[in-house]
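1. Structure for this input, please:
(one chain, ligands or ions: 2)
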Amino acid sequence: MTPQARPGGAVVTFEHVTKRYGPPGVPPAVDDLSLAIPAGEICVLVGPSGCGKTTTMRMINRLAEPTAGRITIDGQDVRDLSAVELRRGIGYVIQQVGLFPHLTVGENVAIVPRLLRWPEPRIRERVEELLELVGLEPGAYRARYPASLSGGERQRVGVARALAADPPVMLMDEPFGAVDPILRDRLQNELLRLQAKVGKTIVFVTHDVDEAIKMADRVAILRRGGVLAQFDTPEAILSAPASEFVEHFVGADRGLKRLSLAKVRDLQLIQPLIVRVGEPRVEVRRRMEVDGTGYALLVDAADRPLGWVDSAELAADGTLTEEEATPGAPPLQPETTLRDALSTLLGSSVQLGVVTDERDRVLGLLSVDAISEVLRPDATAPRS
Ligand SMILES: Nc1ncnc2c1ncn2[C@@H]1O[C@H](COP(=O)(O)OP(=O)(O)O)[C@@H](O)[C@H]1O
Ligand SMILES: [Mg+2]
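-> Ligands and ions are numbered 1, 2, ... in the order given. Next up is the predicted model:
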């Protein structure tokens, strides 16, 4: 991630933390874990099922208590706070969200501020602000019930609710585990954008190494028995895996995976000829002749892409209509990793993606060639 002022986070440390559920002799769920998570960073805990990720996370907000060792937040032992007090300062997002079905979206987001007895006007303001932050228009969503929302919308409400009291630490346990890959990519991108604004310390659990590499400032790889195999930046884990276990877990395609370290926004985009619905065709033809590529990208009044217009198929006069666009350019976002972008483009007929911002406005085009440049052995970004 780009270095920047990180306002809201706290340092979280594990000092020789062990958690046993069974008697001595049975391998512990977490074994002598020591690590320090810097304030404002996303630390991803990753590893095979049953390796102790969830247990590690739940010890931070004391949903599980360590058998030995200690955990601190900004230097304070979590055991010195009451569990209730502690959990108010820690946002918690789980896979199935756990929204209360009989409460509206607004009431769900307001739960912690209500517990904290904030005055009503301040609560209302905060709910408004949070819904906007996670991309849900307050007027349209505040009064709805969870059952009427899509999976992605529910997940956004879950994140808004976890952020309500502005906690320095957020725990997210496989938050996007239950959604389809396309929505997952969008939610990941949204979380990265959100994090650039709020700068929380986020402990994020996943079993998916690609998700870990994409989301993490630092990755903690755990192996069975709750043993820390490596704690490092994604770059370091890909270029210098600490053991055979890590190498194997990360996968044979480490070279390709390094494409996950770079994002669409890191590459120079191609600026296409852009034409707008309602533009006179005479004018469009003239601009296409000057441009010389033979095609243009048609956008609507809000600059959102509709598809391609081919100069050979352009009717004689009148003005451009929406129906004229041939759709087919896969949509990409600046936060999409080059690895995901490549697989999207290879799966499409056009091999040219349209990059759009958070309001779906066109930023430019990305080609397969531009990505394969990055894979060249002498390429500089990302390091190879
Ligand atoms: N409440 C519990 N009681 C007994 N054993 C548990 C409990 N929670 C987790 N475990 C065990 O601890 C180990 C780690 O579990 P968990 O932290 O859930 O792993 P992960 O999240 O990586 O899949 C597993 O062997 C699991 O069976
Ligand atoms: Mg788990």
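
2. which phi and psi does Asp208 have?
-> phi -100, psi 110 (degrees, to the nearest 10).

3. And for Asp232?
-> The phi/psi pair for Asp232 (degrees, to the nearest 10) reads phi -160, psi 180.

4. Which strand residues bridge it?
-> Val219 (DSSP bridges).

5. Against ligand 1, how distant is it?
-> According to C-beta to the nearest ligand atom, to the nearest Å, Asp232 stands 19 Å off from ligand 1. All C-beta atoms are positioned from the backbone trio N, CA, C, and that covers glycine.

6. Would you mind confirming that that residue is in contact with Arg218?
-> Yes - applying C-beta atoms under 8 Å, one finds Asp232 in contact with Arg218, separated by 6.7 Å.

7. got any ranges where this protein has weak pLDDT?
-> Applying pLDDT under 70 to the chain flags residues 1-7, 96-97, 377-384.

8. longest helix anywhere in it?
-> The residue-count maximum for a helix in the chain (DSSP state H) belongs to helix 181-198.

9. Which positions in it come out as buried?
-> With burial defined by 16 or more other C-beta atoms under 10 Å, the residues of helix 181-198 counted as buried are 184-195, 198.

10. gap between Val30 and ligand 1?
-> Distance from Val30 to ligand 1, by C-beta to the nearest ligand atom: 7 Å.

11. Next, count neighbours for that residue.
-> 27 (other C-beta atoms under 10 Å).

12. Leaving out sequence neighbours, find the closest residue to it.
-> Of all residues not flanking Val30 in the chain, Gly226 sits nearest, at 3.6 Å (C-beta to C-beta, 6 or more residues apart in numbering).

13. Near ligand 1, which residues of this protein are found?
-> With C-beta under 6 Å from any ligand atom as the criterion, the chain meets ligand 1 at residues Tyr21, Ala29, Gly47, Ser49, Gly50, Cys51, Gly52, Lys53, Thr54, Thr55.

14. In this structure the fourth one contacts His207, no?
-> Yes - counting by C-beta under 8 Å, Ser49 sits close enough to His207 to count as a contact (6.0 Å).

15. Between the two, which is the more surrounded one?
-> Per other C-beta under 10 Å, whichever of Ser49 and His207 has more neighbours is His207, with 16 against 8.

16. Provide a list of residues in contact with that one.
-> His207 makes contacts with Val46, Gly47, Pro48, Ser49, Lys53, Glu174, as judged by C-beta atoms under 8 Å, 6 or more residues apart in numbering.

17. could you measure it against Glu335, distance?
-> 22 Å (C-beta to C-beta, to the nearest Å).

18. Likewise for Glu373?
-> 20 Å.

19. Which positions in stretch 22-33 come out as buried?
-> For stretch 22-33, a neighbour-count test (16+ other C-beta under 10 Å) marks Pro28, Ala29, Val30, Asp31, Leu33 as buried.

20. could you list every residue that touches Asp185?
-> Gln333, Thr336, Asp340.

21. Try it again at 10 Å.
-> Phe176, Val179, Glu211, Lys214, Leu332, Gln333, Glu335, Thr336, Thr337, Asp340, Ala341, Thr344 (C-beta atoms under 10 Å, 6 or more residues apart in numbering).

22. helix or strand for the third one, which one?
-> Pointing back at Glu211 there. helix 209-215 (DSSP states H and E).

23. May I have that helix exported as CSV, CA atoms only?
-> Taking only C-alpha atoms (Å, rounded to 0.1, in the frame of the first residue of the first chain), the coordinates of helix 209-215 have been written out as CSV:
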residue,chain,number,x,y,z
VAL,A,209,-3.4,-16.9,-0.1
ASP,A,210,-4.3,-14.7,-3.0
GLU,A,211,-6.6,-12.7,-0.9
ALA,A,212,-3.8,-12.5,1.8
ILE,A,213,-1.3,-11.1,-0.8
LYS,A,214,-3.8,-8.6,-2.1
MET,A,215,-5.1,-7.2,1.2
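
24. buried sites along that helix?
-> Val209, Asp210, Glu211, Ala212, Ile213, Lys214, Met215.

25. same deal with stretch 95-114?
-> Buried-residue list, stretch 95-114, by 16+ other C-beta under 10 Å: 95, 97, 99, 104-113.

26. what's the answer for stretch 145-157, then?
-> Neighbour-count burial for stretch 145-157, counted by 16+ other C-beta under 10 Å, picks out Pro146, Leu149, Gly152, Glu153, Arg154, Gln155, Arg156, Val157.

27. And those, which two are furthest apart?
-> Greatest spatial distance in those: Pro146 and Gly152, 12.6 Å, computed using C-beta to C-beta.

28. Overlap of the contact sets of the two?
-> In the contact map built from C-beta under 10 Å, 6+ apart, no residue is linked to both Pro146 and Gly152.

29. Kindly provide the distance from Arg142 to ligand 1.
-> Distance from Arg142 to ligand 1, by C-beta to the nearest ligand atom: 34 Å.

30. what sits against that residue?
-> Residues near Arg142 by C-beta under 10 Å, 6+ apart: Thr104, Val105, Gly106, Glu107, Val109, Ala110, Arg124, Val127, Glu128, Leu131, Leu136.

31. Test my guess that Gly40 contacts Pro168.
-> Yes - between Gly40 and Pro168 there is a contact under C-beta atoms under 10 Å: 8.9 Å.

32. intersection of neighbour lists for these two?
-> Contact criterion C-beta under 10 Å, 6+ apart; residues shared by Gly40 and Pro168: Pro7, Gly8, Gly9, Ala10, Val11, Val198, Gly199, Lys200, Thr201.

33. Closest one to His248 out of the residues you listed, please.
-> Among the shared contacts of Gly40 and Pro168, Thr201 lies closest to His248 (C-beta to C-beta), at 29.5 Å.

34. how about the closest one, what does it touch?
-> Contact analysis of Thr201 by C-beta under 10 Å, 6+ apart lists 6, 8-12, 37-43, 60, 73-74, 90, 167-171, 217.
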